[in-house]
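Colleague: Have a look at this prediction, sequence included:
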Amino acid sequence: MVQAAKNLFLILSALFPIVDPLGGSPIFLAMTRDYSRSTRRALSLRIAINSFLLLVGSYFVGTHILAFFGISLPVVQVGGGLIVISTGWALLKQRYDEDPTAVKKKIQPADPFHNAFYPLTLPLTVGPGSISVAITLGANAPHYQGFNLLSILTAIVGSVLLAASIFLCYGFSDRLGRALGRTGMTVIIQLTSFLLVCIGVQILWNGVSALLVSVPLHIR
């Protein structure tokens with residue numbers, strides 16, 4: 001049980017800062033600002049479930065899937081980094097000074113869950129960094145705990161706790177908006193969007209750097 005507690009702490013300490021549901025809540029609120037509170041809560045629950053499945057899948061079968069398709073982690077980082085940059089840039093260019101009633105008139109009665117997986121779950125919540133860490137934890141699991149029932153439950157419990165934090169931070173992001181006010185929320189969203197672009201560049205560079213290091217090996 002002590003080893004399981006240590007493994008659970010390792011999973012949470014490694015993944016929670018990268019998933020960062022509290023930091024992602026302003027982005028979620030910006031992309032769902034015209035949704036009702038109940039719709040936003042339901043959407044946050046869907047994102048939490050999707051995130052749980054992604055994390056568990058990456059932990060247990062991520063390395064096998066990448067090996068099957070012949071895809072390396074640096075390639076995943078490059079592709080994911082480009083998507084994060086694109087999403088952050090789009091949010092950075094978005095205007096927030098429009099009349100809310102005018103905005104709502106332009107909203108089409110589309111499925112509010114259309115973007116639940118992409119881009120709200122992947123890559124905004126569980127991005128290439130989170131997937132890479134989850135795959136690494138899963139790949140190294142046999143070296144320190146073995147694939148037994150206790151280790152499986154530890155990984156599942158850790159993913160459930162992360163998914164619960166995502167639901168709470170996203171589902172109650174409207175309270176953050178009310179506390180900050182319209183001007184404060186605009187500033188937070190702009191800053192977070194800029195940071196999202198920077199994070200995307202860093203993820204992209206990590207992948208490119210790893211690919212460049214491997215070039216001499218392929219030449220030989």
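Modeller: Great, that's in hand. Quick caveat, the model's predicted, so the values are computed rather than measured.
Colleague: Okay, now the unreliable bits of the chain?
Modeller: 95-110, 141-148, 217-220 (pLDDT under 70).
Colleague: Please enumerate the helices of it.
Modeller: Ranges of helices in the chain, per DSSP state H, are 2-19, 21-31, 37-69, 73-93, 100-106, 128-144, 149-171, 173-219.
Colleague: Deepest-packed of those, please.
Modeller: Most buried of the helices of the chain, by mean neighbour count (mean count of other C-beta atoms under 10 Å): helix 21-31, with a mean of 21. C-beta coordinates here come from the backbone N, C-alpha and C atoms, glycine included.
Colleague: Show me what it is packed up against.
Modeller: With contacts taken as 3 or more C-beta pairs under 8 Å, 6 or more residues apart in numbering; DSSP states H and E, helix 21-31 sits against helix 73-93, helix 149-171, helix 173-219.
Colleague: Run the angle between the first one and helix 37-69 for me.
Modeller: Compare the direction of helix 73-93 with that of helix 37-69 by axes from the mean of the first three to the mean of the last three C-alpha atoms, to 10 degrees and you get 150 degrees.
Colleague: list the helices and strands helix 73-93 packs on?
Modeller: helix 21-31, helix 128-144, helix 173-219.
Colleague: Just the C-alphas of it, formatted as CSV.
Modeller: C-alpha atoms of helix 73-93 as CSV (Å, rounded to 0.1, in the frame of the first residue of the first chain):
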residue,chain,number,x,y,z
LEU,A,73,7.1,10.7,-29.3
PRO,A,74,9.0,13.6,-30.9
VAL,A,75,6.7,13.4,-33.9
VAL,A,76,3.7,13.5,-31.5
GLN,A,77,5.2,16.6,-29.9
VAL,A,78,5.7,18.4,-33.2
GLY,A,79,2.2,17.7,-34.4
GLY,A,80,0.6,18.6,-31.1
GLY,A,81,2.8,21.7,-30.7
LEU,A,82,1.5,23.0,-34.1
ILE,A,83,-2.1,22.5,-33.0
VAL,A,84,-1.6,24.2,-29.7
ILE,A,85,0.1,27.2,-31.4
SER,A,86,-2.8,27.4,-33.9
THR,A,87,-5.4,27.3,-31.1
GLY,A,88,-3.6,29.8,-28.9
TRP,A,89,-3.2,32.2,-31.9
ALA,A,90,-6.9,32.0,-32.8
LEU,A,91,-7.8,32.8,-29.2
LEU,A,92,-5.3,35.6,-29.1
LYS,A,93,-6.8,37.2,-32.2
